[in-house]
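pasting the structure only:
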C-alpha cells in the first residue's frame with residue numbers, strides 16, 4: 001500500500017527520533033504521530049487550547065448529560081479535519097504547509113477569537129436557547145456545529161508554539177512521498193492531539209451535577225471564561241499581524 005520511499009537526506013540507522021520514524025517507517029510513523037499529538041496537548045504551551053476545550057466542555061455539560069464530551073469532541077473534530085487536509089496538501093506541494101501556517105497565523109488567531117467570543121456571548125445572553133440547542137439531536141445541534149467551526153482555525157493556530165510541531169510532522173510525513181500516508185499521519189496526529197483533550201474534559205466533568213441556581217451562575221462564569229480565552233487569541237493576533245509574512249512565533 002505504501003510503496004513510496006523517503007526523499008531527501010539519508011538518515012543514519014542510529015537516528016531514531018520521532019520525525020525520522022515518520023519519514024521512514026509507515027507502520028511506526030502513524031502510532032508515533034498519535035503519541036506526538038497527545039504529548040503536544042500536555043505541553044504547557046498548549047494551555048490556551050486546553051482552556052478552550054474546557055470552556056466548550058463546560059458549556060456542553062451545563063446543558064445536557066454527556067454534553068461536555070459532545071461539544072468538546074465537535075471542536076476537536078474541526079481540528080482533526082484541518083490536520084488531515086494539511087497532510088494531503090503537504091504531500092503534494094513542498095513547503096506549502098510552511099507558507100500557510102506561519103504567514104496567516106494572525107488571521108487564524110483573529111478568526112478563532114471571533115468564533116469563541118460569539119459562542120460565549122450566545123451562552124451569556126441566551127442561556128435558555130443554548131440549553132435547548134444542546135438537548136437537540138446531533139443533526140440539529142447548532143451548538144455542536146458552532147464548536148466544530150471554531151475548531152477549524154484552531155487546527156491551524158491552536159497555540160503559539162504548536163504550529164512548529166504541526167509543520168514538522170506534516171513535512172516529515174510528506175518526505176515519504178505518499179499522499180495517503182501523509183493524510184493518515186496527520187489524521188493520527190489530530191486524533192492524538194484532540195483525543196487527549198476530549199478525554200481530559202470527560203475526566204474532569206463526568207458525573208458533574210449542579211443545582212438550577214448553580215447552573216445559572218456556571219453559565220455566566222463559563223461565558224466569561226471563554227471571553228477571556230478569546231481575548232488572549234485577539235492579543236496573539238495583534239502580535240502576529242494580519243499581513244502575510246514570516247513570523248517567529
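That came through fine. Just so we're clear, the structure is a prediction, and the values are computed from it rather than from any experiment.

Please make it C-alpha for all contacts and neighbour counts, starting now.
Noted.

Now the element after the helix or strand bottoming out on mean pLDDT in the chain, going C-ward?
Least confident element among the helices and strands of the chain, by mean pLDDT, DSSP states H and E: helix 127-135 (a mean of 43). Downstream of helix 127-135, the next assigned helix or strand under DSSP states H and E is helix 142-157.

Please enumerate the helices of this protein.
Under the criterion DSSP state H, the chain contains helices at 18-24, 26-41, 47-63, 67-90, 96-101, 105-125, 127-135, 142-157, 162-174, 179-205, 212-240.

need the ones you listed in TSV with mean neighbour count, can you?
What follows is the helices of the chain, written out as TSV (neighbours: other C-alpha atoms under 10 Å):
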stretch	mean neighbour count
helix 18-24	21
helix 26-41	20
helix 47-63	24
helix 67-90	24
helix 96-101	17
helix 105-125	22
helix 127-135	18
helix 142-157	23
helix 162-174	23
helix 179-205	23
helix 212-240	19
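
Lowest average pLDDT across those?
Mean pLDDT is lowest for helix 127-135 out of these, coming in at a mean of 43.

State the distance from residue 232 to residue 109.
9 Å (C-alpha to C-alpha, to the nearest Å).

now do residue 36
23 Å.

Same question for residue 49.
Relative to residue 109, and taking C-alpha to C-alpha, residue 49 is found at 11 Å.

anything in contact with each of these two?
Common neighbours of residue 49 and residue 109 (criterion: C-alpha atoms under 8 Å, 6 or more residues apart in numbering): 154, 158.

Could you find the closest non-adjacent residue to residue 37?
residue 193 (4.0 Å; C-alpha to C-alpha, 6 or more residues apart in numbering).

wait, isn't the one you found in contact with residue 34?
Yes. Between residue 193 and residue 34 there is a contact under C-alpha atoms under 8 Å: 7.3 Å.

what sits in contact with each of these two?
Counting by C-alpha under 8 Å, 6+ apart, nothing touches both residue 193 and residue 34.

what does stretch 177-194 rub up against?
So stretch 177-194 is contacted by 2-7, 22, 26, 29-31, 33-41, 73, 76-77, 79-81, 83-88, 90-92, 169-170, 173-174, 176 (C-alpha under 8 Å, 6+ apart).
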